[in-house]
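1. How does the following fold in three dimensions:
(2 chains)
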Amino acid sequence: MTVEPGSLPPPTITLTPAEWARRNLFSSVISSAATGLVIGLLAWAVITVGGWAVREARWDVVLNNQRLFLIGQYPGNEAWRLWLNLAVLSALAGLSVPVYGGTIRTLTVSLSALQLILAVLLALSPLRGLIALGLLANAAGIWGAYALGGLRPMPRRWLTIAWLLTIPLTFVLVTGIGVGQLPDVRSNAWGGLLLTMLLAVVGIVLSFPLGVLLALGRRSSLPAVRLLSTVYIELIRGVPLVTILFMADIMLPLLLPGEVRIDRVLRAMGGITLFSAAYVAENVRGGLQAIPLGQYEAAQAIGLNPVQTNIFVVLPQALRSVIPANVGLFISLLKDTTLVTIVGLLELLGIGRAILAQPQSLGAHLEVYVFIAALFFVLCYAMSQASYRLERALGVGTR
Amino acid sequence: MTAGATVGRRQARVPPWRDVRVLRVGGQVLAVAAVAAALAWLGGNLTSAMSERGLGFGFGFLDARAGFAIPDSPVPYEPNDTYLQAYLVGLLNTLFVGILGIVLATVLGVLVAIARLSGNWLLNRTTGAYIEVMRNTPLLVQLFFLYFAVLLQLPPVRQSIQLPGSVYLNQRGLFLPAPEPSGSFAPWLGLVAAALAVAVAGRFWSARRAEAGHASPRFGRIGLAVAVAVALLGWFVFGSAPLTFEAPELRRFNFVGGMTMSTSFTAILVGLVIYTAAFIGEVVRGGIQAVRRGQVEAAQALGLSEGDTLRLVVFPQAMRIIVPPLTSQYLNLVKNSSLAIAVGYPDLFKVGVTMSNQTGQPVPVVVLVMGTYLAISLLTSLLMNAYNRRIQVLER
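-> Numbers count the residues shown, from 1 in each chain, chains lettered A, B, ... in the order given. Below you'll find the predicted structure:
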C-alpha cells in the first residue's frame, strides 16, 4: 500500500447540534420513541425529586445529626484526635501525588472533593459551621501538601515508611491506648462514617496477608496444604457475609478461652477479615496464574529455593497486577460493612437507623437514606474510577 | 565413571533437612498438625464454654414445637409445627426469592445491556447512570430505602392505589387476582400439552431433515403458532373458561381473596432484582462487545438479517464469555437474599436467627443455616458449570 506524500489525514467530522441530535437521538422511529420516553421520565423525576428536595425534605434531620453521622458517639472532647489523624493522612496523600502519580492523584482529588461536598453540606447548617470549616481547611491541606511535594518530591522510601507508620498512629489516636495522657475511647463509642471506614480498612489490611498465604497454599504442590486452603476459600465464598457476621457475633466468644473478652466491633472486624481473606486469595490467585512459568524456571536456575522464589520473584509481580482487583474488593467491602447493622453495630447505616428512631426525626426515612446513599456513592464512585485508571496504567489485560 | 559414582554417593548423602521428599512430607505434616491443633484448641474452648452455659450440640430441638408464626409462607405452617418445618419454610422462601430473582434479574439485565449498547445517546447515558448508582451504593441501603421510604409510605389499605385489572397497591403489599382452575381446566391443559408436544417433535424432525441435507419447512415457528392457536381455540371450545380469576376484595380490615405479594417480599425481590440487574447488564454488555466486529461484518456479508446475526453469530459467542461471570452474579443474588432479614421477610437466615434466639442453641442452628447456604451455592455453580461446559467451543 502506498501513501501519497500529499495525502490528507481522515477528515474530522464536525456535526451541528441538529445533525448530532438526528444521529444520536432520532436515528429511527424506535430511537425517537425511546428519546421521548426517557425525556418524559427524566422530567417527571426531576420535578418530583427536585420539588421534594427543595421544598418538603427535612434536611435539618441530617444537618443536626452530622456529628453522629461522621463519628457516632465518639466523645466530642476527643474529636480533635480524629481531626489530627485525618489531617496527617491528607497531608501524606497530598505529598504522595507527585511521587506516585496518576492513581494517587485521582484518589486524592476525590478525597478532597468528598470533603468539599461534605463541607458545603454542613456549612448550610447554622449549628455546626465548625466541622465545615475543619473539612475545608483539611481539603486545603491536601492541596497545600500536593504543591509542596511538587516543589521537592519526597523520597519514595520515606513515603512508604510514613504510610506504614500511619497504622500505629491511627490505632493510638482512635483508641487512645498506649499513651498515658490520652483517655481511652472504647470501641462501642465508635460509629458513623468513622466505624465504616475502620471496618473496611482493617478488614482489607488484615485480610491481605492471610489471603496471600491462602492463594499460595491453593497453588502449592503439597496436596494437604492445597486441600486445606481450597476448602477454606470455597467454604467462605459459599455462604453470605451476614451468616459469617452472625457466627462471629455469637460463636467467637465461645471459641476463645473464657478470660479473653472481645467486644462487638472486634468480632465484626474478625468476621469481615475472615470473609474477605477468601476473596483476596482468589484475586491473588488470578495474579499468580498470570506469572509465566519462565519466571519460576529462571528463579530455580539462579538457585533460589521455593520460598525465595515467591518472595523475590513471583509475589512482587503478582501483587502489582492484582491491585485494581483489590481496589474493587475494597469498594465492595466498604459497601458490605453496612451489614454489621444487622448484628447491631452503629456504623453509617446503623447510626442512620438510630437517628430515625429519635422522636424529632420520625418519618425522615428518605432524607436519611438519601444522605447515606450519597456518601457511599461519592466514596465508591471515586474509588472505582481510580481503579479503572489504575487498571489502564498497569496495562492489566492488555499485555 | 568415577564422576557418576561420586554424584550417586553425594545424592545418597543429602541431609534430611535439605531432601525435597522429606521437606514435602514434613511441610504437609506440619501444616495439617497446625490446623488440627488450632481446631482442637477452638473446639476445646467451645465445648467448655458451651457446657458452662448449658448449650448443646444436638439437632434434637428440630422436633420440638417452634411456637413462632411466619407471615409469608408458601406452604401451610402454624406456630404449633416443629422447628424442622419452620426451617423448611425458610428454605423454601430463600429458594423462591432466589429463583424468581435470578429469572427477573436476567430479563432486566439483558434489557439494561441492550439500552446500554443502543445508539441513542440519552437512553445510553441514563442507563449508565442507573448502573453506576446501583453499583456504588450498598444493597442494604437500597433495601432500607425501598422498604421504609417507599413501600411503607404507600397509602393504607382503605386508600389503596387501584391499578388496572383489579390490582391494588397499599402499604401492606400488592394484591392481585388469583387464577382459579374450573372443571374444564384439566382437559384444556391436556390439549395444550399435546399441541406443544407435537410442535416440539415437529421442530426436531425438521431440524434433523435439514441436517441431513433435505429441504424442509421451518416447522419450528409454524408449529408454535399452531399450538398457540389450538390453546386459544380450546379456551372457548370447552364452554366454560378453564381459568377464572378471583379478584381481591376489600373487606373490613384487609383485602380478601386473590393473591398477595407482601411488602416485605416485594421489597426483597424488587431490591435484589434492580440491584443485580445492573451487574448482569454490565456482564452481558461486556460479553457482546467482546465479540469481534469482523464476526458481525462477516454475517452481514453472508446476507444474514440483523436478527439472525444476533441469534446465530453474536449470542452464541458472547454466551461463552458471559456465563462464568453471570454464574457469580447468580451466586451473589442467592447469598444477598439473606438480607431479607432487614425488611422482615422470613427467609432461611431470618428463620435461623429466630430459631437460635428461641432455642438458645446457636451452634447447631449456625451450622445448619451455613451448611444449607453452602449447599445452595454449590448446587447453583454445579448447574451453571454444566451449562458452561455445554456451550464452550469444542477445541481440538
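2. pretty sure A:Arg23 contacts A:Leu15?
-> Yes. Shown here, A:Arg23 and A:Leu15 form a contact pair, counting by CB atoms under 8 Å, at 7.0 Å. The C-beta positions use only the backbone N, C-alpha and C, and glycine is treated the same way.
3. And the average pLDDT for the host helix or strand of A:Pro209 is what?
-> Using DSSP states H and E, A:Pro209 maps to helix A:192-218. The pLDDT scores in helix A:192-218 average 91.
4. What residues sit buried inside it?
-> A:192-204, A:206-208, A:210-218 (16 or more other CB atoms under 10 Å in any protein chain shown).
5. what does stretch B:34-50 give?
-> Buried-residue list, stretch B:34-50, by 16+ other CB under 10 Å: B:Leu42, B:Asn45, B:Leu46, B:Ala49, B:Met50.
6. Cross-check the buried residues of helix A:192-218 against chain B and keep the overlap.
-> With CB under 8 Å from any CB of the partner chain as the criterion, the buried residues of helix A:192-218 include none near chain B.
7. Next up, the contacts around B:Met370.
-> Shown in contact with B:Met370 (CB atoms under 8 Å, 6 or more residues apart in numbering or on different chains): A:Val239, A:Thr243, A:Met247.
8. For those, which single residue is the most surrounded?
-> When the contacts of B:Met370 are compared by neighbour count (other CB atoms under 10 Å in any protein chain shown), A:Thr243 ends up highest, at 23 neighbours.
9. Would you agree that residue is in contact with B:Phe349?
-> Yes. Using CB under 8 Å, A:Thr243 is in contact with B:Phe349, at 6.3 Å.
10. Determine the residues that are contacts of both of these two.
-> The contact lists of A:Thr243 and B:Phe349 share B:Ser338, B:Val369, where a contact means CB under 8 Å, 6+ apart.
11. ok so, going back, as CSV, the buried residues of stretch B:34-50 with secondary structure, distance to chain A and pLDDT would be great.
-> Shown next, in CSV, are the buried residues of stretch B:34-50 (DSSP: H, G, I helix; E, B strand; the rest coil; distance: CB to the nearest CB, whole Å; pLDDT from 0 to 100):
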residue, secondary structure, distance to chain A, pLDDT
B:Leu42, helix, 5, 89
B:Asn45, helix, 5, 87
B:Leu46, helix, 5, 86
B:Ala49, helix, 4, 84
B:Met50, helix, 6, 82
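12. Tell me where the model's unsure across the stretch 201-350 of chain B.
-> B:216-220, B:239-240 (pLDDT under 70).
13. Could you look up the SS state of B:Pro179?
-> strand (DSSP: H, G, I helix; E, B strand; the rest coil).
14. Okay, and the beta partners of it?
-> B:Phe245 (DSSP bridges).
15. What is the burial count for it?
-> As a burial measure, B:Pro179 scores 13 neighbours (other CB under 10 Å).
16. Can you show me the helices along the stretch 101-250 of chain A?
-> A:102-123, A:129-151, A:156-175, A:192-218, A:223-237, A:241-255 (DSSP state H, counting those that start in this stretch).
17. still on that earlier bit, for the helix holding A:Pro209, packing partners?
-> helix A:66-71, helix A:156-175, helix A:223-237, helix A:264-289, helix A:323-336, helix A:348-356 (3 or more CB pairs under 8 Å, 6 or more residues apart in numbering or on different chains; DSSP states H and E).
18. between those, which gets nearest to B:Val237?
-> Nearest of the helices and strands packed on helix A:192-218 to B:Val237, taken as CB to CB: helix A:223-237 at 54.3 Å.
19. Could you pull up the mean pLDDT of the helix or strand hosting A:Trp44?
-> Assessed by DSSP H and E, A:Trp44 sits inside helix A:29-51. Averaged across helix A:29-51, pLDDT comes to 89.
20. centre of the chain versus that helix, how much separation?
-> 33 Å (CA atoms, centre = their mean, to the nearest Å).
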